[in-house]
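Novice: Using only what follows, build the 3D model:
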Amino acid sequence: MPDSATTWKLIHSEREALANTLEGLTPEQWGAPSLCAGWSIQLAAGHVLAGAEQTPLAFTTGLITSGLRFNTMVDRDAKRLGALAPKEIIERLRARTTTTNHPPAPVSAMLGEVVVHGEDIRRPLGVHAKIATDAVVGCLEMYKGANFPVGAKKRIAGLKLSASDVDWSHGAGPEVTGSALSLLMVMTGRAVAVDELSGEGVAILRTRL
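Specialist: This is a model prediction of the structure:
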């Protein structure tokens with residue numbers, strides 16, 4: 001993983017890129033489904049904003065008022081901020097391209113938030129953006145050893161993941177090959193990207209999605 005200063009630069013760059021994507025969307029696209037079950041593009045954007053504005057105190061307070069149910073808190077915050085006008089969501093996200101506040105979690109978790117959810121927003125709309133290689137690899141390095149909150153470590157256990165476009169691999173066992181971004185999306189439970197992968201381990205991975 002890159003150091004914190006480098007990670008924040010990547011986070012800020014990807015937030016700016018996502019704000020640019022959102023700025024170009026039509027009202028119909030804002031209302032379209034994202035890759036996050038039950039969330040529209042607008043609610044997914046609200047979730048990204050919630051993470052970008054999060055602080056340790058607000059996180060703890062939100063978790064307590066949600067009955068210590070993490071997913072309930074996340075969904076509530078997404079709906080609260082997703083109810084904002086698209087223009088305000090974009091403006092507030094741009095305001096978080098210089099700040100370094102974050103919940104009580106590793107800084108790398110904030111990189112994963114904007115990279116993965118950025119794709120949750122773009123892919124259903126057929127929108128493409130160039131994501132920094134270091135940002136994708138940083139996410140792969142983080143998620144490969146983490147089960148919370150998306151179960152990535154368990155999902156890829158016993159498999160060898162090999163990126164076809166960058167120098168990155170992990171694990172041992174039946175091989176799964178594809179672009180670093182496709183591996184990241186499947187590692188975090190996005191079944192839409194599994195057909196972009198190849199290798200004898202794909203069939204096993206598919207059963208875990």
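
Novice: The chain: helices as residue ranges?
Specialist: Secondary structure of the chain (DSSP state H): helices at 4-23, 27-30, 41-53, 56-65, 70-82, 86-94, 107-125, 133-143, 152-155, 180-187, 202-207.

Novice: If you count contacts, what does the third one end up packed against?
Specialist: The one in question is helix 41-53. helix 4-23, helix 27-30, helix 70-82, helix 86-94, helix 107-125 (3 or more C-beta pairs under 8 Å, 6 or more residues apart in numbering; DSSP states H and E). (Each C-beta comes from the backbone N, C-alpha and C, glycine too.)

Novice: Quick check: can you list the domain ranges of this structure?
Specialist: The record's domain split for the chain, according to automatic domain parsing, is 4-125, 133-207.

Novice: so can I have JSON lines of those domains showing mean neighbour count and mean pLDDT?
Specialist: Output for the domains of the chain, formatted as JSON lines (neighbours: other C-beta atoms under 10 Å; pLDDT from 0 to 100):
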{"stretch": "domain 4-125", "mean neighbour count": "18", "mean pLDDT": "96"}
{"stretch": "domain 133-207", "mean neighbour count": "18", "mean pLDDT": "97"}
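
Novice: Chain neighbours aside, what residue packs nearest to the residue most central in space within the chain?
Specialist: What sits nearest the mean C-alpha location of the chain, by C-alpha atoms, centre = their mean, is Val116, with 2.3 Å. Nearest residue to Val116, sequence neighbours excluded (C-beta to C-beta, 6 or more residues apart in numbering): Thr188, at 5.3 Å.

Novice: Contact partners for the one you found?
Specialist: Gly112, Val116, Tyr143, Val150, Ala152 (C-beta atoms under 8 Å, 6 or more residues apart in numbering).

Novice: again, only using 10 Å
Specialist: 112, 115-117, 119-120, 139-140, 143, 146, 149-152, 155 (C-beta atoms under 10 Å, 6 or more residues apart in numbering).

Novice: which one of those residues is nearest Lys79?
Specialist: His117 (15.0 Å; C-beta to C-beta).

Novice: right, and the closest one touches Thr21 too?
Specialist: No: using C-beta atoms under 10 Å, His117 is not in contact with Thr21, being 11.3 Å away.

Novice: Distance check, Ala52 against Leu161.
Specialist: For Ala52, the distance to Leu161 equals 28 Å [C-beta to C-beta, to the nearest Å].

Novice: Ignore what I typed, I meant Glu119.
Specialist: 17 Å.

Novice: now Ile121
Specialist: 24 Å.

Novice: cool, Val115 as well?
Specialist: For Val115 relative to Leu161 (C-beta to C-beta), the value is 17 Å.

Novice: Distance from the chain centre to stretch 83-92, please.
Specialist: Chain-centre distance of stretch 83-92: 19 Å, with C-alpha atoms, centre = their mean, to the nearest Å.
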